[in-house]
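*Asks:* here are the coordinates; sequence isn't available:
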Ligand SMILES: CCCCCCCCCCCCCCCCCC(=O)N[C@@H](Cc1ccccc1)C(=O)O
């Protein structure tokens, strides 16, 4: 089964080089909201189908295409309905391919050639609301602590105390072992001997946001709300924090650590949504899905080396865990480090 999604995240008017929904082409690149995530995959799938139909191609086995319309808001009415329908028909899938990692060009420090990473697992996620309620008042006679001050301190403690570096505990170690030959000396020796060098490598990886995301559960404060008037101390302050959970941890473990870090009973913690990291899909030589994907990547991307990786974002494919044990997350395009913030 091949998945992609049509919806995009909102486009605030500021900060665009071209109007976000123009799809303008410049210097060989298409600009617009959702070009990477995930219109390129949708178009790729549709163009491939069109070409196969034109050529009268007859596939050896049946396959499904699933195009969701609400991936960016968790896929409840798109991917999850597709899963329900397939389950009601008793369908089992050989493998699922969805968006995810890509051919990384200059993204992994020390690796010269472009390398293709196939996401064989996906991080978990937990989103919390932190709420503080304190007596309101007039700014002319402030109390020692306000709801805003208490909440800011809690959020700051979370930022200053990241969750532990888990490098070596999770599947990201296999990625470095498989790519060891792509690094120059002495990194190649270090990557091939993680039993000895993982303490050093893990410290280096946590220095950059994209590689930090693969070695630990990350903490991101995404919403912060309080106050409506400059001379009024508000009763309530609220923040939303999203954690992406490393495959070596669970929702329960993360929640325990967060409670201990905040360690302030005035901060009420409520869970908005959560799910554990996804199971690791097989990537051995006998796995049909992984091998098919690897062969295809080799033929399209000039024999780029292929390795399994951890998908740091979440995809619709996570809803398919009861239909197959083989879920792969790969978007067929090259990504450079400057593309990571796009
Ligand atoms: C050693 C260096 C390794 C460097 C790794 C580089 C990573 C390459 C970037 C790949 C990006 C992966 C993006 C995967 C697709 C994510 C799609 C997405 O944005 N999904 C949303 C879904 C969501 C989840 C929860 C609530 C709302 C939406 C997401 O936020 O994850």
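*Replies:* Perfect, I can see it now. Computed from a predicted model, the values in this text were never measured in an experiment. Residues are numbered from 1 along each chain as shown.
*Asks:* sec struct for the residue lying closest to residue 152 once chain neighbours are set aside, please.
*Replies:* Closest residue to residue 152 apart from its sequence neighbours, by CB to CB, 6 or more residues apart in numbering: residue 237 at 7.9 Å. Backbone N, C-alpha and C define where each C-beta goes, glycine included. Using DSSP: H, G, I helix; E, B strand; the rest coil, the structure places residue 237 in strand.
*Asks:* which residues does residue 237 form beta bridges with?
*Replies:* Beta-bridge partners of residue 237, counted by DSSP bridges, are residue 132, residue 226.
*Asks:* what do you get for the one 5 residues further on?
*Replies:* When bridges are assigned using DSSP bridges, the partners listed for residue 242 are residue 127, residue 220.
*Asks:* neighbours of it, how many?
*Replies:* Residue 242 has 16 neighbours, counted by other CB atoms under 10 Å.
*Asks:* ditto for residue 160
*Replies:* If you count neighbours by other CB under 10 Å, residue 160 ends up with 9.
*Asks:* likewise for residue 130?
*Replies:* Residues within reach of residue 130, counting by other CB under 10 Å, total 23.
*Asks:* let me know whether it touches residue 271 as I believe.
*Replies:* No: assessed by CB atoms under 8 Å, residue 130 is found out of contact with residue 271, at 11.1 Å.
*Asks:* what sits up against stretch 291-306?
*Replies:* Stretch 291-306 is contacted from outside by 95, 97, 103, 113-118, 178-179, 181-182, 285, 328, 330, 332, 334, using CB atoms under 8 Å, 6 or more residues apart in numbering.
*Asks:* so what strands line up beside the lowest-mean-pLDDT helix or strand in the chain?
*Replies:* Least confident element among the helices and strands of the chain, by mean pLDDT, DSSP states H and E: strand 29-30 (a mean of 88). Applying DSSP bridges, strand 29-30 is found paired with strand 25-26 (antiparallel).
*Asks:* and the partner strand, how far from the chain's centre?
*Replies:* Counting by CA atoms, centre = their mean, to the nearest Å, strand 25-26 is centred 27 Å from the centre of its parent chain.
*Asks:* quick one: what helix or strand has the closest residue to the ligand within the chain in it?
*Replies:* Taking CB to the nearest ligand atom as the measure, the chain has residue 313 as its residue closest to the ligand, at 2.8 Å. Using DSSP states H and E, residue 313 sits within no helix or strand.
*Asks:* and if you look at residue 270?
*Replies:* Per DSSP H and E, residue 270 falls inside strand 267-275.
*Asks:* neighbours around residue 314, how many?
*Replies:* Residues near residue 314, counting by other CB under 10 Å, number 20.
*Asks:* tell me the buried residues in stretch 73-81?
*Replies:* 74-75, 78-80 (16 or more other CB atoms under 10 Å).
*Asks:* would you mind listing what in the stretch 101-250 of the chain touches the ligand?
*Replies:* 101, 107-108, 125, 210-211, 214 (CB under 6 Å from any ligand atom).
*Asks:* re the thing from before, so the strand holding residue 270, near the ligand or not?
*Replies:* No: using CB under 6 Å from any ligand atom, strand 267-275 stays clear of the ligand, coming no nearer than 7.4 Å.
*Asks:* and for stretch 63-80?
*Replies:* Yes: for stretch 63-80, a contact with the ligand is found by CB under 6 Å from any ligand atom, at 72-74.
*Asks:* from the residues of the stretch 101-250 of the chain next to the ligand, which land in strands?
*Replies:* Counting by DSSP state E, those place 101, 125 in strands.
*Asks:* now the two most distant members of the residues of the stretch 101-250 of the chain next to the ligand.
*Replies:* Spatially, the most separated pair among those is 108 and 125, at 23.8 Å (CB to CB).
*Asks:* report how many residues lie close to residue 153.
*Replies:* By other CB under 10 Å, 14 other residues sit near residue 153.
*Asks:* filter the contacts of stretch 291-306 to the buried ones?
*Replies:* 95, 97, 103, 114-118, 178-179, 182, 328, 330, 332, 334.
*Asks:* need the max-distance pair from those.
*Replies:* The span of the buried ones among the contacts of stretch 291-306, defined through CB to CB, is set by 95 and 182 at 25.7 Å.
*Asks:* can you give me the helices in the stretch 51-200 of the chain?
*Replies:* Applying DSSP state H, counting those that start in this stretch to the stretch 51-200 of the chain gives helices spanning 79-88, 147-160, 172-179, 187-192, 194-205.
*Asks:* now those as a markdown table including distance to residue 256 and mean pLDDT?
*Replies:* Listed next are the helices of the stretch 51-200 of the chain as a markdown table, based on distance: least, CB to CB, whole Å; pLDDT from 0 to 100:
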| stretch | distance to residue 256 | mean pLDDT |
| --- | --- | --- |
| helix 79-88 | 29 | 98 |
| helix 147-160 | 14 | 98 |
| helix 172-179 | 23 | 92 |
| helix 187-192 | 33 | 94 |
| helix 194-205 | 22 | 95 |
